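Undergrad: have a look at this prediction, sequence included:
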Amino acid sequence: MGVTPPPWTGPAVGLMDLDAFFASVEMLDHPEWRGKPLIVGGDADSRGVVSTCSYEARRFGVHSAMPSAEARRLCPQAIWTHGHFDRYREVSAQVMAILAEETPRVERVSIDEAFIDITPGRFAPEDPLLVARRISDRVAALGVTCSIGVGCNKTVAKIASERDKPFGLTIVRPGTEQRFLAALPVSAMSGIGRSAEERLRRMRIYTLGELSRAPESTLASIFGVNGERMRQRALGLEISEVTSLDEGREVKSVSNERTFAKDLTERGDIERRLRCWVSRLDAACAVRD
């Protein structure tokens with residue numbers, strides 16, 4: 001018999017991350033593609049990029065945001081598809097509806113990722129482990145899988161969700177945060193990019209435990225005014241709240257990207273392209289309003 005864990009005390013934040021989401025939906029709709037390298041992205045001959053890929057393709061070194069030409073070189077046998085985004089949004093909505101049935105606090109981060117507040121007695125009736133398991137099973141019943149991390153705050157939950165992919169479930173119980181984080185590389189924590197990681201390495205700071213013990217002046221030289229905040233995050237002491245979209249969060253920016261088959265070097269060509277995209281954006285906003 002397993003040992004019953006002590007009652008959860010304090011906040012319980014989960015991060016639900018759908019596994020290789022676009023590729024998973026494609027394999028759901030095309031069962032014959034299961035178990036094969038699959039790439040969702042633009043054409044290799046038109047300077048496209050990889051949106052996502054199956055885990056079978058990742059074994060060849062393919063990853064999201066990689067130029068499609070390089071992905072084709074690494075995995076020439078892969079199945080390619082441009083993607084079906086209406087279908088991805090449909091499945092995402094089904095997943096988000098499951099989360100909303102489990103807790104009123106769902107903070108959608110992207111089409112395939114969301115934070116949830118499953119604090120016992122406040123937003124969920126059971127231990128967070130039981131809630132996370134049920135969510136995982138319900139999502140799997142749709143034909144796709146997710147990985148879930150649960151901890152006392154968003155930083156711990158996010159890192160935990162990456163520990164056991166795909167179809168993983170990692171629970172960091174209250175009081176174990178520092179032990180969980182200490183040995184992890186600094187790159188495991190969001191907000192530490194390649195430049196910051198390299199500067200930390202030059203100072204012989206490789207793990208989150210070492211970052212948490214670094215002098216204040218060292219952290220300030222790398223992260224500026226956020227130095228102490230990064231220390232608190234590395235210690236698992238961040239205080240963060242899951243905020244549902246219907247509680248007044250507004251969208252602060254909208255982005256759109258386009259890769260052209262040939263470089264635009266003439267000012268006139270660039271301006272014409274910009275006018276075209278601005279007119280499309282205006283039309284889209286008019287429809288939304």
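TA: Ah, there it is.
Undergrad: what's the burial count for residue 37?
TA: Residues lying near residue 37 (other CB atoms under 10 Å) number 23. Any C-beta I mention is one placed from the backbone N, CA and C, and that applies to glycine too.
Undergrad: again with residue 30
TA: Residue 30: 13 neighbours (other CB under 10 Å).
Undergrad: my guess is residue 47 meets residue 70, correct?
TA: No - in this structure residue 47 lies outside contact range of residue 70 using CB atoms under 8 Å: 11.1 Å.
Undergrad: could you pull out the helices for the protein?
TA: 21-29, 55-58, 68-74, 85-102, 128-140, 154-161, 177-182, 194-202, 208-212, 216-223, 227-234, 267-288 (DSSP state H).
Undergrad: most tightly surrounded among the ones you listed?
TA: Of all the helices of the chain, helix 154-161 carries the top mean neighbour count, a mean of 25, counting by mean count of other CB atoms under 10 Å.
Undergrad: output it as PDB - backbone C-alpha positions only.
TA: Provided in PDB are the C-alpha atoms of helix 154-161 (Å, rounded to 0.1, in the frame of the first residue of the first chain):
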ATOM      1  CA  LYS A 154       3.300  29.300 -11.300                       C
ATOM      2  CA  THR A 155       7.000  28.900 -11.500                       C
ATOM      3  CA  VAL A 156       7.100  25.500  -9.800                       C
ATOM      4  CA  ALA A 157       4.000  24.300 -11.700                       C
ATOM      5  CA  LYS A 158       5.600  25.300 -15.100                       C
ATOM      6  CA  ILE A 159       8.900  23.600 -14.300                       C
ATOM      7  CA  ALA A 160       7.100  20.500 -13.000                       C
ATOM      8  CA  SER A 161       5.000  20.200 -16.200                       C
END
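Undergrad: packing partners of it?
TA: Applying 3 or more CB pairs under 8 Å, 6 or more residues apart in numbering; DSSP states H and E, we find helix 154-161 packed against strand 13-18, strand 146-151, strand 169-171, helix 177-182.
Undergrad: so for residue 217, which of those sits nearest?
TA: Among those, helix 177-182 comes nearest to residue 217, with 21.7 Å by CB to CB.
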